[in-house]
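>>> Pasting the sequence and the predicted model now:
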Amino acid sequence: MIKADLVKLVARELNISKQEAEAGVNLFFEALKEAILRGEEIEFRGFGSFRFRQRAPRSGRNPRTGEPVKVPPKKVLYFKPSKLLKEMLNKAK
């Protein structure tokens, strides 16, 4: 599913124009982005949550030259599905 598919689905289900649906979908994604940039964790009950993990600094290797490179620490955003969603996925098999 891409954003355009989501806009069509929202427009059809709520019986509104595609322009109104697109504005709502855009507002939703902007609110998510702003919360993530503020460092907030996001949770949707029954669906899952977006959380941060801190990656420790490590040594890597430049693939072109083979020289060792220091990789700095960083925050990584990941999605953790809810128990309900995991159960639904496993039943679908």
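Yes, it's here.

>>> In the helix or strand that contains residue 29, which residues are buried?
Secondary structure assignment for residue 29, by DSSP states H and E: helix 18-37. By neighbour count with 16 or more other Cβ atoms under 10 Å, helix 18-37 contains the buried residues 21, 22, 24, 25. Yep, even glycine has a C-beta here, placed from its N, CA and C like the rest.

>>> and of the residues you listed, the nearest to residue 1?
Distance to residue 1, by Cβ to Cβ, is smallest for residue 25 among the buried residues of helix 18-37, at 11.7 Å.

>>> Now do the helix holding residue 29: distance to the chain's middle.
13 Å (Cα atoms, centre = their mean, to the nearest Å).

>>> Could you break the protein into its assigned domains?
Following automatic domain parsing, the chain resolves into domains at 1-39, 41-93.

>>> same question for the longest one, mean pLDDT?
Which is domain 41-93. Mean per-residue pLDDT for domain 41-93: 92.

>>> chain center to that domain, what's the gap?
10 Å.

>>> what does the first one give?
Taking the mean C-alpha point of domain 1-39 and that of its whole chain, the gap between them comes to 14 Å (Cα atoms, centre = their mean).

>>> Let the chain start at 48 from now.
All right, first residue 48 from here; so that's domain 48-86.

>>> Start and end of that domain, how far apart?
End-to-end distance for domain 48-86: 27 Å, by Cα to Cα, to the nearest Å.

>>> ok, now stretch 86-103?
End-to-end distance of stretch 86-103 (Cα to Cα): 18 Å.

>>> Shouldn't residue 53 be within a helix?
Yes. Remark: residue 53 belongs to a helix, assigned using DSSP: H, G, I helix; E, B strand; the rest coil.

>>> quick one, what contacts it?
residue 72 (Cβ atoms under 8 Å, 6 or more residues apart in numbering).

>>> ok, now how distant is it from residue 86?
26 Å (Cβ to Cβ, to the nearest Å).

>>> next one: residue 68
30 Å.

>>> swap in residue 130?
25 Å.

>>> how about residue 136, what does it touch?
residue 128.

>>> So it, which state does it fall into?
Applying three-state DSSP: residue 136 is helix.
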